[in-house]
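Colleague: any chance you could fold what I've pasted below:
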Amino acid sequence: MADISISESNLAQIVESIITGVAIFAVADDRKLIPVYMNEGLYRMLSYSHKELDKMVTDIRRVVIPDDLPAFESGLDDVLSDNGAVDYEFRTVTGDGNLRWLHVRANLYGKLDGYPLVAGVILDCTERKRIEEELALQNERLNILSESVKEHFVDLNLRSDVLNIKLGSSVYSKDEIIIKNFVEKNDLNVIHPDDREILKSIIEAASKKNINDSFDFRSTYFEDDNDYHWYRATISSVRGVDGYVSRIVGRIVNIDETKKRELELQRRADKDALTGLYNKGTTQTLVAEAIAENAKNKTLAAMIMIDLDHFKDVNDTFGHAAGDKLLEDVGKVLNDSFKGRDIVGRMGGDEFMVFMTDIKSEDDATIISGRLNKMLTKQIVKSDGSITVTASIGIAICDASITDYDKLFARADSALYKTKESGRNGKTLYKE
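Modeller: Next up, the predicted model:
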């Protein structure tokens, strides 16, 4: 590994430029927090000028929503007890009047003139908290729904292998459905293919030992539109007089609307808020799964790494608002260019990844990369100058022999580096 070192001045510049808040406070005898250092990212996050925020944090408790002061004080107590890093959250109002949730990770750093020093990293977690609140609300609505709607009651007799379903609210004119030889036939065609193995495994487990379980599945069985709807089943094993499980009983409730809303919220939580693309963690997970599927099916795929040229110049010259607008535009181009099972994600900063599934040849990847070079070239013109932003692209082909994400990523990253070495604004296909 190369001997790489960062000077103190460069390190200070990095800390100043990151979009996360970094701060150090001294704690006076009256528990008053005296600001020692706050980076530029904290000012931007809270939308205050230096003068405004410096004035407010002379009494930092003024910026904490009163209802959250107990959590704030409790977190400070934990930090001062010097038991390592402490995480806590509270709300504040930003300089532009918005209510934001802040997540603080802080620890006791040392002492300054006899005062304890608290060092911390501050993150804006508003979007996560909002999604958590919506999910909680959806779960509450689901509980209310379960109590109010008519349910389908199921009774599977394992001795006679007969499934009896007593219908509640249903399109069927009958009040009851009886299916003979249910386990023997193992016919689950009305269940969504992705849910069949889960359902079979739960039935098998419940037939062997006492189980009280709840699970969600999709089926076309109870509606007349032939579409898959989401249901929640709650089942229990019942033992016979001989001590062995003789029946599985339970209830089934339609949760289609609520489940789809919940899945949409989860999907949004996996997305980068600025571009609408998958975030880094989700992208890595989905691509790793796609690589395994590609190896299994012996198909061809491609990983495309994209890095914007001169993006830092845009931020430095025109400000972060212009940089954010550029990233939004890139996200739209990529979203519009790839559909279906292709995976598109923002890996951080100005770096993006595309995983093209089931391509016919490496030409498919190189041709689309050439188009991206043109589509992502953009001249930003302001009153104080202009900057032309281009894209450097690295391509790595994924065949059935590649099963490891890191190996494929290293190839695509190496190809990207070659493009930058060659003058940027181009594409490079990885070759052994």
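Colleague: SS state for R424?
Modeller: Put simply, R424 is coil when judged by DSSP: H, G, I helix; E, B strand; the rest coil.
Colleague: and it, how many neighbours?
Modeller: Neighbours of R424 under the rule other C-beta atoms under 10 Å: 15. For every residue, glycine as well, the C-beta is placed using N, CA and C.
Colleague: F409 now?
Modeller: F409, neighbours per other C-beta under 10 Å, totals 19.
Colleague: try D78
Modeller: By the criterion of other C-beta under 10 Å, D78 has 18 neighbours.
Colleague: OK, contacts around the residue positioned nearest the centre of the chain?
Modeller: The C-alpha lying nearest the average C-alpha coordinate of the chain belongs to D270 (C-alpha atoms, centre = their mean; 2.2 Å). Shown in contact with D270 (C-beta atoms under 8 Å, 6 or more residues apart in numbering): Y278, N279, T282.
Colleague: from I60, how far off is it?
Modeller: 34 Å (C-beta to C-beta, to the nearest Å).
Colleague: go on, A410?
Modeller: From A410 to I60 the distance is 45 Å (C-beta to C-beta).
Colleague: with V333 instead?
Modeller: Counting by C-beta to C-beta, the gap from V333 to I60 is 42 Å.
Colleague: again with E351
Modeller: Separation of E351 from I60 (C-beta to C-beta): 35 Å.
Colleague: for the stretch 51-200 of the chain, which spans come out with low pLDDT?
Modeller: Within the stretch 51-200 of the chain, the ranges that satisfy pLDDT under 70 run 138-150, 168-175.
Colleague: go again with 80.
Modeller: In the predicted model, the stretch 51-200 of the chain carries pLDDT under 80 at residues 56-59, 134-151, 167-177, 183, 185-187.
Colleague: mind listing the helices for the stretch 1-150 of the chain?
Modeller: Taking DSSP state H, counting those that start in this stretch as the criterion, the stretch 1-150 of the chain carries its helices at 8-17, 40-46, 50-56, 69-80, 126-148.
Colleague: next, format these as CSV and append distance to R341.
Modeller: Shown next, in CSV, are the helices of the stretch 1-150 of the chain (distance: least, C-beta to C-beta, whole Å):
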stretch, distance to R341
helix 8-17, 37
helix 40-46, 36
helix 50-56, 46
helix 69-80, 43
helix 126-148, 25
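Colleague: just name the most buried of the ones you listed.
Modeller: Ranked by mean neighbour count, the helices of the stretch 1-150 of the chain are led by helix 40-46 with a mean of 18 (mean count of other C-beta atoms under 10 Å).
Colleague: any idea how far that one is from the middle of the chain?
Modeller: Centre-to-centre, helix 40-46 and its host chain are 24 Å apart (C-alpha atoms, centre = their mean, to the nearest Å).
Colleague: what packs against it?
Modeller: With contacts taken as 3 or more C-beta pairs under 8 Å, 6 or more residues apart in numbering; DSSP states H and E, helix 40-46 sits against helix 8-17, strand 21-27, helix 50-56, strand 115-124.
Colleague: R105: which of the contacts of D270 is nearest?
Modeller: N279 (19.4 Å; C-beta to C-beta).
Colleague: excluding its backbone neighbours, what's nearest that closest one?
Modeller: D272 (4.8 Å; C-beta to C-beta, 6 or more residues apart in numbering).
Colleague: mind listing what the one you found touches?
Modeller: D272 sits in contact with Y278, N279, G331, G345, R346, where contact means C-beta under 8 Å, 6+ apart.
Colleague: same check, this time on V381
Modeller: Contact criterion C-beta under 8 Å, 6+ apart gives no residues in contact with V381.
Colleague: what's the helix or strand for it?
Modeller: For V381, the host element (DSSP states H and E) is strand 378-382.
Colleague: show me which positions of that strand end up buried.
Modeller: K378, I380 (16 or more other C-beta atoms under 10 Å).
Colleague: next SSE after that strand?
Modeller: Going down the chain from strand 378-382, the next helix or strand is strand 385-398, by DSSP H and E.
Colleague: please export the C-alpha coordinates of that next one as PDB.
Modeller: Listed next in PDB are the C-alpha coordinates belonging to strand 385-398 (Å, rounded to 0.1, in the frame of the first residue of the first chain):
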ATOM      1  CA  GLY A 385     -18.400  32.400 -15.100                       C
ATOM      2  CA  SER A 386     -19.100  29.000 -16.700                       C
ATOM      3  CA  ILE A 387     -18.000  25.400 -16.100                       C
ATOM      4  CA  THR A 388     -18.400  22.400 -18.400                       C
ATOM      5  CA  VAL A 389     -19.100  19.200 -16.400                       C
ATOM      6  CA  THR A 390     -18.300  15.900 -18.100                       C
ATOM      7  CA  ALA A 391     -18.400  12.200 -17.000                       C
ATOM      8  CA  SER A 392     -15.600   9.600 -16.600                       C
ATOM      9  CA  ILE A 393     -16.900   6.100 -17.000                       C
ATOM     10  CA  GLY A 394     -15.400   2.700 -16.100                       C
ATOM     11  CA  ILE A 395     -17.000  -0.600 -17.400                       C
ATOM     12  CA  ALA A 396     -16.500  -4.200 -16.100                       C
ATOM     13  CA  ILE A 397     -18.300  -7.100 -17.700                       C
ATOM     14  CA  CYS A 398     -19.800  -9.700 -15.400                       C
END
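Colleague: and the residue nearest to the centre of the chain, what are its phi and psi?
Modeller: phi -80, psi 0 (degrees, to the nearest 10).
Colleague: just to revisit the earlier point, quick one: the strand holding V381 to strand 385-398, angle?
Modeller: Per axes from the mean of the first three to the mean of the last three C-alpha atoms, to 10 degrees, the angle that strand 378-382 makes with strand 385-398 is 160 degrees.
Colleague: now strand 378-382 - C-alpha only, CSV.
Modeller: Output of strand 378-382 as CSV, limited to C-alpha atoms (Å, rounded to 0.1, in the frame of the first residue of the first chain):
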residue,chain,number,x,y,z
LYS,A,378,-23.4,20.0,-19.3
GLN,A,379,-22.2,23.5,-19.3
ILE,A,380,-23.2,25.5,-16.2
VAL,A,381,-23.3,29.2,-17.0
LYS,A,382,-23.6,31.9,-14.2
